[in-house]
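Undergrad: Give me a model of this one.
(chains A and B)
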Amino acid sequence: LAKTTQPISMDSYEGQEVNITCSHNNIATNDYITWYQQFPSQGPRFIIQGYKTKVTNEVASLFIPADRKSSTLSLPRVSLSDTAVYYCLVGEPGRKLIWGLGTSLAVNP
Amino acid sequence: EAGVAQSPRYKIIEKRQSVAFWCNPISGHATLYWYQQILGQGPKLLIQFQNNGVVDDSQLPKDRFSAERLKGVDSTLKIQPAKLEDSAVYLCASSLGFGTGNGNTIYFGEGSWLTVV
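TA: Below is the predicted model:
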């Protein structure tokens, strides 16, 4: 099972771009990279998923280098409502996911 | 599309009492998960069902926790007897397939908050 490492916490200000990097050195060939967002008192919510290169949706972008040993979640122009915990997960269909501690992002006015 | 429904939302019990949580997954989702999340930590998988069969229950404390998914739809998680360390949020989730990747997304409910005193 691939293990992930991400910063425990990050601070930012409204309107800035936030990049959260996740390390997954022992990622396997069939593993995908998925990011979830969790607000207090709520269950995690899917943000974005990718396998290689770059993926973009209406909420975020995910950058994955060629060696796939890390990935970066990019949140453009954050607002106060983006204050949450962000989890990076690595796994493949049919296999168990291991959740780490996540990155607690605080967006300040 | 209706999301994953869980109840009760909050529960306070005394240690050694029992409690049950109910989950209704998204319609058509074959895979159902129960996670335990202790404050400040990431979710920990307790049990995973594929339809009504158990795929993984390696982290379920079977001496006190039990779960079932009758008819491959709704599920119930029971704790008996509860311990102080069981105080946590119990998250139910569902997905079309299991695991992650290739477009498979896991959808979570709001969680059931348990406090054992």
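Undergrad: contacts, neighbours, all on C-alpha from now
TA: Noted.
Undergrad: So for A:Glu92, what's the pLDDT?
TA: At A:Glu92 the predicted local distance difference test score is 80.
Undergrad: which ones are touching the closest residue to it other than its chain neighbours?
TA: Distance criterion Cα to Cα, 6 or more residues apart in numbering or on different chains; nearest residue to A:Glu92, sequence neighbours excluded, is A:Asp31 at 4.4 Å. For A:Asp31, the residues meeting the contact criterion (Cα atoms under 8 Å, 6 or more residues apart in numbering or on different chains) are A:Tyr51, A:Val90, A:Gly91, A:Glu92, A:Pro93, B:Gly101.
Undergrad: Likewise for B:Ser7?
TA: With contact taken as Cα under 8 Å, 6+ apart, B:Ser7 is in contact with B:Phe21, B:Trp22, B:Cys23, B:Gly111, B:Ser112.
Undergrad: for B:Val19, same thing?
TA: Residues near B:Val19 by Cα under 8 Å, 6+ apart: B:Ile13, B:Lys78, B:Ile79, B:Gln80, B:Ala82.
Undergrad: Kindly recompute the last result at 6 Å.
TA: For B:Val19, the set of contacting residues under the criterion of Cα atoms under 6 Å, 6 or more residues apart in numbering or on different chains consists of B:Lys78, B:Ile79.
Undergrad: Just grab the bridge partners of it for me.
TA: The residues paired with B:Val19 through beta bridges, assigned by DSSP bridges, are B:Ile79.
Undergrad: do you know how far it is from A:Leu62?
TA: Spatial separation of B:Val19 from A:Leu62 under the definition Cα to Cα, to the nearest Å is 40 Å.
Undergrad: Look up how far chain A lies from B:Val4.
TA: For B:Val4, the distance to chain A under the criterion Cα to the nearest Cα, to the nearest Å works out to 10 Å.
Undergrad: so that residue touches B:Gly28, yeah?
TA: No: between B:Val4 and B:Gly28 there is no contact, the gap being 11.5 Å when judged by Cα atoms under 6 Å.
Undergrad: ok, those two, which is more surrounded?
TA: The residue with the greater number of neighbours, taking B:Val4 and B:Gly28 and applying other Cα atoms under 10 Å in any protein chain shown, is B:Val4; the counts read 22 against 12.
Undergrad: Is the most centrally placed residue in chain B in a helix, a strand, or coil?
TA: With distances taken as Cα atoms, centre = their mean, chain B has B:Trp34 as the residue nearest its mean C-alpha position (2.4 Å). When the structure is split into helix, strand and coil by DSSP: H, G, I helix; E, B strand; the rest coil, B:Trp34 lands in strand.
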